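Enquirer: Sequence and predicted structure, then a few things I'm wondering about:
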Amino acid sequence: MEKLKGLKCRECGRAYRAAPVHVCEFCFGPLEVDYDYEALKGVVTRETIAAGPPSMWRYRELLPVEGDIAVGHHVGFTPLVRAQNLAEELGVREVWVKNDSVCHPSWSFKDRVVAVALTKAKEFGYDTVACASTGNLANSVAAHAAEASLKSYIFIPADLEPGKVVATLVYNPTLVKVEGTYDEVNRLCSEIADKYRWAFVNVNFRPYYSEGSKTYGYEIVEQLGWRTPDHVVVPCAGGSLITKIWKAMKEFKQLGLIERVGTKVHAAQALGCGPIVTMIKNDTDVLVPVRPNTIAKSLAIGNPADGYYAYRTVKESGGYGEHATDAEIIDGMLLLARTEGIFTETAGGVTIAATKKLIDAGVIGKQDSLVVCITGNGLKTPDPLYARLETHVKIRPSLSAFDRALADLKAHSVREG
């Protein structure tokens, strides 16, 4: 079965053969993978998917991979958790957390996109991979390049969180710190990609790389019993994930795997770097770039490549968007940890904070079903929490010392109550 037609321009529709290119030569629009959905009908079924491995590769026929899977054999099929405690706190009936902060080699959803990109790089015969990253992608490319025995060059802003730098260096890539914002790093990488025959996962391999995000959306639908939720709240950086979750749901409907798509897709961004949400709130398709100023560094992309398409996705689905201040981001991290025992990074704090605002504003109804997207692990970004957390008790190693401390705690609890 020939499932891939090649690539096509998202703007003018011009067709291209499958190759490591990402921009239309005629209108300069972005390219995307072009599938033969008619050929896939009846071949991709609920039964064939269920018979696949418990990973993202159960959806292999809907991904742009034609040869052997090179990396990421265990990536995906992460937990979808019924978050009853969080639902009660937020005052809604049904909340689910799609938790991509666990079960992945580098503890973020980026392992999905990198698994596809590096598999495709091996198909095209590349021996070197690279990326521009705000942190999670750096971790994932370095990890999977090691798995695939590929050389890797990782470009990051020089002020990235120390935890994410260490979580990249451990895989022994060539790490390049650039004194500038992510957008400046990305521009540099575009120039390097033109000069060197490297597979830049989010530059010349972007059409293939971005398709990996669809598996996040596929899993939500399958794990909900082949239904779409009323709402899904998605953190936005470059804007690709939100578009691919929406694309995944529409593909399932097109292939007859679900009857309808009834989901409103909402965007979550930090107030200090929220150009996509600003577009949504102002109801304009014109993106105004910003200079990032937020603790949510994994979302700190001031000129998102897919910002326009993220805006279109939200409008098409009937969704909305919300910003979160740095203080609200920390509150969101603590809320999710306290209610569900899930430690998310700052990006997840953005998502939880935005969700709360959407509920308080009535955008998300009290009786609606809701999926919250958690995309990275809190162990990567603990620094913002240090000022908010403290040890409650410090004692000498004796029972009497503990008894006194316990009495003091109970007395303090009574006074506070």
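Expert: That came through, no problem.
Enquirer: If you count residues, where's the longest helix of the protein?
Expert: In terms of residue count, the longest helix belonging to the chain (DSSP state H) is helix 399-416.
Enquirer: Send me it as PDB with only the CA atoms.
Expert: Written as PDB, here are the backbone C-alpha positions of helix 399-416 (Å, rounded to 0.1, in the frame of the first residue of the first chain):
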ATOM      1  CA  LEU A 399      11.000  10.400  69.900                       C
ATOM      2  CA  SER A 400      10.600  13.300  72.400                       C
ATOM      3  CA  ALA A 401      11.800  15.800  69.800                       C
ATOM      4  CA  PHE A 402       9.200  14.500  67.300                       C
ATOM      5  CA  ASP A 403       6.400  14.500  69.900                       C
ATOM      6  CA  ARG A 404       7.100  18.200  70.600                       C
ATOM      7  CA  ALA A 405       7.300  19.000  66.900                       C
ATOM      8  CA  LEU A 406       4.000  17.100  66.200                       C
ATOM      9  CA  ALA A 407       2.300  19.000  69.000                       C
ATOM     10  CA  ASP A 408       3.500  22.300  67.500                       C
ATOM     11  CA  LEU A 409       2.200  21.300  64.100                       C
ATOM     12  CA  LYS A 410      -1.200  20.500  65.400                       C
ATOM     13  CA  ALA A 411      -1.400  23.700  67.400                       C
ATOM     14  CA  HIS A 412      -0.400  25.700  64.300                       C
ATOM     15  CA  SER A 413      -3.000  23.800  62.300                       C
ATOM     16  CA  VAL A 414      -5.700  24.800  64.800                       C
ATOM     17  CA  ARG A 415      -4.700  28.500  64.700                       C
ATOM     18  CA  GLU A 416      -4.600  28.500  60.900                       C
END
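Enquirer: now the helices: where do they sit in the stretch 301-417 of the chain?
Expert: Remark: helices assigned in the stretch 301-417 of the chain by DSSP state H, counting those that start in this stretch are 307-317, 326-340, 346-360, 399-416.
Enquirer: again but with the stretch 1-150 of the chain, I slipped
Expert: Using DSSP H, counting those that start in this stretch, helices in the stretch 1-150 of the chain cover 37-40, 46-50, 84-90, 110-123, 136-148.
Enquirer: tell me what the first one is packed against?
Expert: The one in question is helix 37-40. Of the remaining helices and strands, none touches helix 37-40 by 3 or more CB pairs under 8 Å, 6 or more residues apart in numbering; DSSP states H and E. No exception for glycine: its C-beta is placed from N, CA and C like everyone else's.
Enquirer: Ok, the last one next?
Expert: Packed against helix 136-148 by the contact rule (3+ CB pairs under 8 Å, 6+ apart) you find helix 110-123, strand 128-132, strand 151-157, helix 162-169.
Enquirer: can you redo the ones you listed as TSV with distance to Leu80?
Expert: Shown next, in TSV, are the helices and strands packed on helix 136-148 (distance: least, CB to CB, whole Å):
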stretch	distance to Leu80
helix 110-123	15
strand 128-132	28
strand 151-157	31
helix 162-169	25
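Enquirer: closest one to Glu259 among these?
Expert: Minimum separation from Glu259 across the helices and strands packed on helix 136-148 (CB to CB) falls at helix 110-123, 26.1 Å.
Enquirer: low-scoring stretches of the chain, by residue?
Expert: Low-confidence segments of the chain (pLDDT under 70): 1, 417.
Enquirer: Looking at the helices of the stretch 301-417 of the chain, spot the one closest to Tyr218.
Expert: Closest of those to Tyr218 is helix 307-317, at 16.2 Å (criterion: CB to CB).
Enquirer: Could you pull out the buried residues of the closest one?
Expert: Residues Gly307, Tyr308, Tyr309, Ala310, Tyr311, Arg312, Thr313, Val314, Ser317 are the ones in helix 307-317 that count as buried (16 or more other CB atoms under 10 Å).
Enquirer: Not counting residues beside it along the chain, what's closest to the fifth one?
Expert: The shortest distance from Tyr311 to any residue other than its chain neighbours is 4.6 Å, reached at Met279 (CB to CB, 6 or more residues apart in numbering).
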